[in-house]
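pasting the sequence and the predicted model now:
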Amino acid sequence: MVGINREAVSIREIEKSIAEEAFERGLCEPQPPKTKTGKSVAVVGSGPAGMAAAQQLTRAGHDVTLFEKNEAVGGLLRFGIPDFKLEKTVIDRRLKQMTAEGLTIKTGVKVGTDITVADLRKQFDAVLLTGGSEQPRDLPIPGRELQGIHVAMQFLTQENRRVAGATFSAEETISAKDKHVVVIGGGDTGSDCVGTSNRHGAASVTQLELLPKPPKERADSTPWPLWPQMLRTSTSHDEGCERMWSILTKSFEGEDGQVKRINCVRLKWVEREDGGRPEMVEIPGSEFVLEADLVLLAMGFLHPVHDALIKDLNVDLDPRGNVQVGADFMTSEAGVFAAGDMATGQSLVLKAIDGGRKAAASVDAWLRGGVSVLTN
Ligand SMILES: Cc1cc2nc3c(=O)[nH]c(=O)nc-3n(C[C@H](O)[C@H](O)[C@H](O)COP(=O)(O)OP(=O)(O)OC[C@H]3O[C@@H](n4cnc5c(N)ncnc54)[C@H](O)[C@@H]3O)c2cc1C
């Protein structure tokens with residue numbers, strides 16, 4: 001059956017062509033609210049969760065202000081995911097619709113710093129936190145301090161800004177041109193680093209993953225309808241890179257302060273008798289060295305940055321360091337809600353949009369003291 005024992009139908013392409021057709025035919029016109037509630041909401045963070053929530057809350061008749069610390073709206077859609085995967089016109093046309101519906105947007109405003117949390121709470125009836133999960137996982141091994149080792153987002157964000165027209169000095173520029181690039185981390189972010197490095201004209205691109213190579217077909221351990229555990233190959237991989245699995249990076253080595261090599265070892269993953277997570281064991285004698293003059297750390301994100309926004313709001317965190325919410329998306333502080341990666345930890349665009357819309361309905365219900373007018 002399709003998607004179970006054969007290739008899935010391309011739902012993504014079908015949905016994309018429906019959306020494009022709808023915009024082309026003028027079916028996505030602004031829908032300003034017919035009546036206003038007199039209530040105000042601050043949405044903090046303008047990624048897919050914040051954008052989705054802000055649009056819903058504006059349409060419900062609230063006065064909504066969307067705050068964003070960066071110079072433009074979109075979160076990881078704009079500053080993480082490369083243009084070759086997501087054209088930014090998709091964000092801009094949605095924004096046009098949202099401002100026509102009455103949304104106020106404040107970019108270049110870091111909430112907690114540029115506007116205090118106390119002022120925010122005074123000025124708005126409700127606050128929705130959608131600040132993402134921006135604390136990257138680092139690799140604190142010998143040599144980490146060498147030049148040429150960057151967390152992936154430094155590289156990808158700069159490239160997104162460059163494509164949008166920004167310029168950078170020679171010292172600031174992170175370029176893969178003619179370099180031996182090693183990307184550490186095998187997920188979406190790593191794949192985007194591979195695609196970007198190839199576009200820069202890298203001499204070679206190698207992607208390392210700690211975990212074992214997944215099977216080509218859906219594994220028995222993840223039967224339908226579970227998310228299939230299987231090998232994923234993106235167009236960036238197809239464009240050219242060497243992929244290696246079950247590799248542990250032990251240390252970086254450099255010359256004159258610049259990274260030149262990575263010392264690695266192969267791993268075997270040993271099943272535990274108690275059925276727990278397999279144990280990672282280094283294979284003796286399997287050590288090897290990779291040439292590397294640009295290293296990109298793409299090992300995921302830990303949790304939201306625990307800065308003034310979270311500390312001053314005094315919201316509880318879950319054991320992983322994300323903002324803890326109840327089923328109604330409310331945090332431990334009355335009237336303060338959270339959604340998207342900030343509440344779930346790093347996830348997917350679709351889930352962020354879904355969370356944003358559901359949280360908007362909860363905020364709306366809370367402001368009305370009853371039932372929300374929003375449907376999901
Ligand atoms: C490189 C990369 C590639 C990815 N590729 C895919 C993919 O192909 N498919 C997919 O489904 N998912 C992908 N993801 C994951 C996806 O992008 C995220 O799950 C999604 O963007 C989360 O949305 P969000 O709105 O919760 O947060 P974000 O998109 O992270 O947005 C949060 C926003 O809040 C702002 N902010 C934070 N703190 C403050 C503050 N104090 N004041 C004001 N603003 C603040 C930030 O600047 C940011 O703009 C990728 C992620 C990365 C990093």
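Received, thanks. In this text, all values refer to a predicted model and were calculated from it rather than measured experimentally.

buried stuff in the strand or helix carrying residue 160?
Using DSSP states H and E, residue 160 maps to helix 152-163. Residues of helix 152-163 classed as buried under the neighbour-count rule (16 or more other CB atoms under 10 Å) are 152-153, 155-161. C-beta coordinates here come from the backbone N, C-alpha and C atoms, glycine included.

list just the nearest of those to the ligand.
Sorting the buried residues of helix 152-163 by distance to the ligand puts residue 156 at the head of the list, at 5.3 Å, by CB to the nearest ligand atom.

surely the closest one meets residue 189?
Yes - taking contacts as CB atoms under 8 Å, residue 156 lies within contact range of residue 189: 7.3 Å.

which neighbours do these two have in common?
In the contact map built from CB atoms under 8 Å, 6 or more residues apart in numbering, the residues linked to both residue 156 and residue 189 are residue 80.

following the helix or strand hosting residue 20, which helix or strand comes up?
Here residue 20, judged by DSSP H and E, is contained in helix 11-24. Next in sequence after helix 11-24, counting helices and strands by DSSP H and E, comes strand 40-44.

that following strand vs the ligand: in contact?
Yes - with CB under 6 Å from any ligand atom as the measure, strand 40-44 is seen reaching the ligand through residue 44.

I'd like the mean pLDDT over that strand, please.
Averaging the model's pLDDT scores along strand 40-44 yields 98.

same question for stretch 109-124.
97.

stretch 19-32 too?
Confidence for stretch 19-32, expressed as mean pLDDT, is 94.

just give me how far it sits from the chain centre.
Relative to its chain's centre, stretch 19-32 lies at 26 Å (CA atoms, centre = their mean, to the nearest Å).

and that stretch, end to end?
End-to-end distance of stretch 19-32: 20 Å, with CA to CA, to the nearest Å as the criterion.

which parts of the stretch 201-350 of the chain are helices?
Listed in chain order, the helices of the stretch 201-350 of the chain (DSSP state H, counting those that start in this stretch) span residues 235-238, 308-313, 341-344, 349-368.

can you say which of these is packed in most?
Relative to the other members of these, helix 341-344 carries the highest mean neighbour count by mean count of other CB atoms under 10 Å, namely a mean of 26.

what sits up against that one?
Counting by CB under 8 Å, 6+ apart, the neighbours of helix 341-344 from elsewhere in the structure are 45, 47, 49, 129-133, 301, 304, 322-325, 329, 347, 351-352, 355.

out of the residues you listed, which touch the ligand?
45, 47, 49, 130-132, 347, 352.

follow-up on the earlier one: which other helices and strands does the helix holding residue 160 contact?
If you count contacts as 3 or more CB pairs under 8 Å, 6 or more residues apart in numbering; DSSP states H and E, helix 152-163 packs onto helix 76-79, helix 188-200, strand 294-297.
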